[in-house]
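**Student:** need coordinates for the below:
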Amino acid sequence: MITNNNPDLNQINIGKTLPDWTLESIFGDAVPNKADFIGKPLLILIFSFGCPGCVGRAIPFANRNVYEKGEKLNVLGIHTNFEGVDFPAEQFQKHKEELFIRFPFYKDFKFNTTFLEYGAGGTPHWVVVNKNGIVEYSIFGSDPNNALLRLGYLIDELTEEDPSEKKQ
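**Tutor:** From the prediction side, this is the model:
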């Protein structure tokens, strides 16, 4: 489908395997493969440091989930510059320290490749993947009474201990 002279690149399908991402390292560490996250649910935050909702609500929400559920949940950040503004490496480090970012994050390739392929509606955009690598949910926003509330409930559900796996 073509809208506004742009092809619809969205590859995210609920109930299907998470598509590959194309990311660049910011801090010299290796970019993970999606297979590295199999075994625990994965919360993906597509964000920008130029986005007030990302800095004020989304990053703190992701940090809180790492702190509270880090043993049961993976969190990955994808910094996108879908508006075409680049950030120097020093600025990434400064934001990482000032915002106490507890999750690994990487730059989106060529500013917005994964952003487009994941059908992001803007920033912040979230994708939730279950422990088997299947996309459970995709939502744009950081409203505490909408996107973050829905994400919280889903994350709680995905990280609950399976009664059959409890030790007797």
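**Student:** contacts, neighbours, all on C-alpha from now
**Tutor:** Noted.
**Student:** what is the mean pLDDT for the longest helix seen in the chain?
**Tutor:** As assigned by DSSP state H, the longest helix anywhere in the chain is helix 147-159. Over the span of helix 147-159, the pLDDT mean works out to 96.
**Student:** using CSV, list the CA coordinates for it.
**Tutor:** What follows is helix 147-159 as a C-alpha-only set of coordinates in CSV (Å, rounded to 0.1, in the frame of the first residue of the first chain):
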residue,chain,number,x,y,z
ALA,A,147,-0.1,3.4,26.3
LEU,A,148,1.8,3.0,29.5
LEU,A,149,-1.1,1.6,31.4
ARG,A,150,-1.8,-1.0,28.6
LEU,A,151,1.9,-1.8,28.4
GLY,A,152,2.1,-2.3,32.2
TYR,A,153,-0.8,-4.7,32.2
LEU,A,154,0.7,-6.7,29.4
ILE,A,155,4.2,-6.8,30.9
ASP,A,156,2.7,-8.0,34.2
GLU,A,157,0.9,-10.8,32.3
LEU,A,158,3.9,-11.9,30.3
THR,A,159,6.2,-11.9,33.3
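**Student:** can you count the residues close to the closest residue to Ile134 other than its chain neighbours?
**Tutor:** Sequence neighbours aside, Thr17 is the residue nearest to Ile134 in space, at 4.4 Å (criterion: C-alpha to C-alpha, 6 or more residues apart in numbering). Using other C-alpha atoms under 10 Å, Thr17 has 16 other residues around it.
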